[in-house]
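Chemist: Build the 3D model from these lines:
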Amino acid sequence: MELGGAERALLGLLNTLDTSKVDVDLFINQHTGEFMPLIPEKINLLPEKRGYNAIERPMKRILLEGQLGVLFGRLKAVRQHAKYHKTLSGNAKMMDGSAFQYIADGVQPFLPSLGYLGEYDLAISFVTPHNIVLNKVRAKKKIAWIHTDYSTIHVNVEKELPVWSGYDYIASISPDCTRSFLKAFPSLEGKIIEIENILSPAFVRSQAELLDVSSEFSSTGINLLSVGRYTNAKNYDNVPDIAKRIVDAGFPDLHWYIIGYGGEEGLIRRKIAEAGMLDHVILLGKKENPYPYIKACDIYVQPSRYEGKSVTVREAQILCKPVIVTNYPTAGSQIRDSKDGIIVQIDNENCARGIVEAMKNQELLKSIPQYLLSHDYGNESEVEKIYGILKEL
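Modeler: Okay, here's the model as predicted:
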């Protein structure tokens, strides 16, 4: 339950499920991450289980723990994926997102069955890869979730198709995600149902009131905020250059804060230093509760290269913040430009220009929160689609 959009979407679903109607068990491979304390008490959190808790742990640690089967499976998967990766070229190699599917296939034989939990009416696999629910859980019906824009990654279709095909339903979070997924897996069209990421405005707003973080932001100038993992998808490595262009355009008191964590932190810090933006781009690291920061910022910015459907953008809208997003492929499905947010070009020069124009347009920055305040950005009713599947049993 690390800081991330899919994890927050899961919390939204768990908070919305009515436990007077359904009994809910939650199985998580590792009981780690800032969001663990936010799991609702009404949800039955199952104990961590040996084998599953070794899928993503450092290999040295699982060696010392004696989890040799999973270790062997992961090492074998790494070799197989490296061999496959060498066969790719051009964009496919750059966009290759198949590694974790290889790992899932590699470790699966060494994971114990979860059949002892009994047969469920419905089992949901919320994040990829979906091997575990498919092969280790007994249920009358099974749903696998799509959170990714498949136009932005390369997948090994031959390897993934048997997994997706094993599910009764495939839940897509947006029409754009559906279209990109079906380009890779056209034969699965009949299994698709669209269920948006479920967000509760009451939950988001209540969490935003728990902390006063104003002291962590600058008391002068303009405070921008971005939230998300430090990965290529989020495009944070380009933020220092974008920020420099904004500063040079007449905003010397700009402060751009980034909440998150991940493998690209070193790259981002290097880019900050190279751009001379140490006083302007500030990495806040992980935050168990990012909502008070969203509430406290002046503008929320999502500078991503790609998104499925950004949970944080919707949360910022719930908190009535002006939102600026880059024109990644699914941006238009979430933002109505100049109405409930602003879409800017993704290249650094035009991204900076778009943010500058937005910051100068005080009328627009005031009208967006007013529009958001008068509209409901919650969608708890999406849970009825899950209840509908249960009624079919």
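Chemist: switch to C-alpha atoms for all contacts and neighbour counts from now on
Modeler: Will do.
Chemist: Name the SS class of residue 257, please.
Modeler: strand (DSSP: H, G, I helix; E, B strand; the rest coil).
Chemist: Could you give the bridge partners of residue 120?
Modeler: Beta bridges link residue 120 to residue 139, judged by DSSP bridges.
Chemist: Just confirm residue 172 contacts residue 192, I think it does.
Modeler: Yes - in this structure, residue 172 sits in contact with residue 192. The criterion is C-alpha atoms under 8 Å, and the distance is 6.8 Å.
Chemist: farthest residue from the center of this protein?
Modeler: residue 250 (33.5 Å; C-alpha atoms, centre = their mean).
Chemist: And that residue, how close does it get to residue 244?
Modeler: Taking C-alpha to C-alpha, to the nearest Å as the measure, residue 250 and residue 244 are separated by 10 Å.
Chemist: Check residue 43 too.
Modeler: Note on residue 43: its distance to residue 244, by C-alpha to C-alpha, is 46 Å.
Chemist: Of the two, which one has the most company?
Modeler: In this comparison of residue 43 against residue 244, neighbours counted by other C-alpha atoms under 10 Å, the higher total goes to residue 244 at 20 against 15.
Chemist: Could you measure from that one over to residue 88?
Modeler: For residue 244, the distance to residue 88 equals 36 Å [C-alpha to C-alpha].
Chemist: Next: residue 217.
Modeler: Between residue 217 and residue 88 the distance, using C-alpha to C-alpha, works out to 45 Å.
Chemist: sorry, back to before: can you list residues touching both of residue 172 and residue 192?
Modeler: By the contact definition C-alpha atoms under 8 Å, 6 or more residues apart in numbering, residue 172 and residue 192 are jointly contacted by residue 178.
Chemist: More neighbours: which of these two?
Modeler: Each of residue 172 and residue 192 had its neighbours counted (other C-alpha under 10 Å), and the higher figure belongs to residue 172 (25 against 19).
Chemist: That one bridge partners, please.
Modeler: Beta-bridge partners recorded for residue 172 (DSSP bridges): residue 146, residue 194.
Chemist: For the remainder of this discussion, apply numbering that starts at 45.
Modeler: Got it, the first residue is 45 from now on, which makes the last one we talked about residue 216.
Chemist: for it, what are its contacts?
Modeler: In this structure, residue 216 makes contact with 189-191, 222, 236-240, judged by C-alpha under 8 Å, 6+ apart.
Chemist: what are the phi and psi values for residue 167?
Modeler: The main-chain torsion angles of residue 167 are listed as degrees, to the nearest 10 and equal phi -120, psi 130.
Chemist: That one touches residue 176, doesn't it?
Modeler: No - under the contact definition of C-alpha under 8 Å, residue 167 does not touch residue 176, with a separation of 10.6 Å.
Chemist: Keeping just the C-alphas, turn the lowest-mean-pLDDT helix or strand in the chain into PDB.
Modeler: Across the helices and strands of the chain, mean confidence by mean pLDDT, DSSP states H and E is lowest for helix 134-138: a mean of 85. Output in PDB follows, covering the C-alpha atoms of helix 134-138 (Å, rounded to 0.1, in the frame of the first residue of the first chain):
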ATOM      1  CA  GLY A 134      13.000   0.900 -31.300                       C
ATOM      2  CA  ASN A 135       9.900   2.100 -29.400                       C
ATOM      3  CA  ALA A 136       9.000  -1.400 -28.200                       C
ATOM      4  CA  LYS A 137      12.300  -1.700 -26.300                       C
ATOM      5  CA  MET A 138      11.900   1.800 -24.800                       C
END
